[in-house]
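Student: this is the structure alone, sequence omitted:
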């Protein structure tokens, strides 16, 4: 009877740990992207955090355009970019996603023009990046998964180890 009472005493702790398991993942999502147009070919992945609904703020980019690595620019850094990506089409808005290539200092912005229902890429070599300006491209963004949050995983794991140790001590003692 003593063992079952100790096990029952540990159950609330176990339920608290399991209740926290729903927070195993941060509000970060990975997206794969590709786009192409006249003289433009790019692909890679984006990491983004949830803003609201199906809108995510891109926090990092890993990809290549025409053989050069892409580096994300901060929101507002070029052409009023906002670096927002959406899980449903159109995947970008007029603010777009801005980046610079490793082989130079040209800034790029990929955005969606709702007036013409097209994706466009403009760059700082071509002058101002106004709505409707740039090279027409075909683009695709696909959500590929949620990014695990390491701190929560460690917390959950240590909680489970603690419950197991407590139960073992109660059983042996």
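Tutor: That came through, no problem. Not measured: the values here are computed from a predicted model.
Student: in contact with residue 119, which residues?
Tutor: Going by CB atoms under 8 Å, 6 or more residues apart in numbering, residue 119 touches 35, 90, 92, 110-113, 136-139. In this view, the C-beta of every residue, glycine as well, is placed from N, C-alpha and C.
Student: from residue 103, how far off is it?
Tutor: Separation of residue 119 from residue 103 (CB to CB, to the nearest Å) stands at 23 Å.
Student: swap in residue 128?
Tutor: For residue 128, the distance to residue 103 equals 23 Å [CB to CB].
Student: all helices of this structure, in order?
Tutor: Under the criterion DSSP state H, the chain carries helices at the ranges 2-19, 150-172.
Student: these: lowest mean pLDDT?
Tutor: Lowest mean pLDDT within the helices of the chain: helix 2-19, at a mean of 53.
Student: lowest-confidence helix or strand of the chain?
Tutor: helix 2-19 (a mean of 53; mean pLDDT, DSSP states H and E).
Student: low-confidence regions, this structure specifically.
Tutor: Filtered on pLDDT under 70, the chain yields the residue ranges 1-26, 147-167, 173.
Student: how about the strands in it?
Tutor: With strands called from DSSP state E, the chain shows them at 25-37, 40-52, 55-65, 68-72, 84-86, 97-101, 107-113, 118-123, 135-148.
Student: reformat these as a markdown table; add distance to residue 169.
Tutor: Below are the strands of the chain laid out as a markdown table (distance: least, CB to CB, whole Å):
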| stretch | distance to residue 169 |
| --- | --- |
| strand 25-37 | 32 |
| strand 40-52 | 41 |
| strand 55-65 | 43 |
| strand 68-72 | 50 |
| strand 84-86 | 49 |
| strand 97-101 | 54 |
| strand 107-113 | 58 |
| strand 118-123 | 61 |
| strand 135-148 | 30 |
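Student: residue 171 is nearest to which of those?
Tutor: strand 135-148 (32.1 Å; CB to CB).
Student: what angle do the closest one and strand 40-52 make?
Tutor: Using axes from the mean of the first three to the mean of the last three CA atoms, to 10 degrees, the inter-axis angle of strand 135-148 relative to strand 40-52 is 50 degrees.
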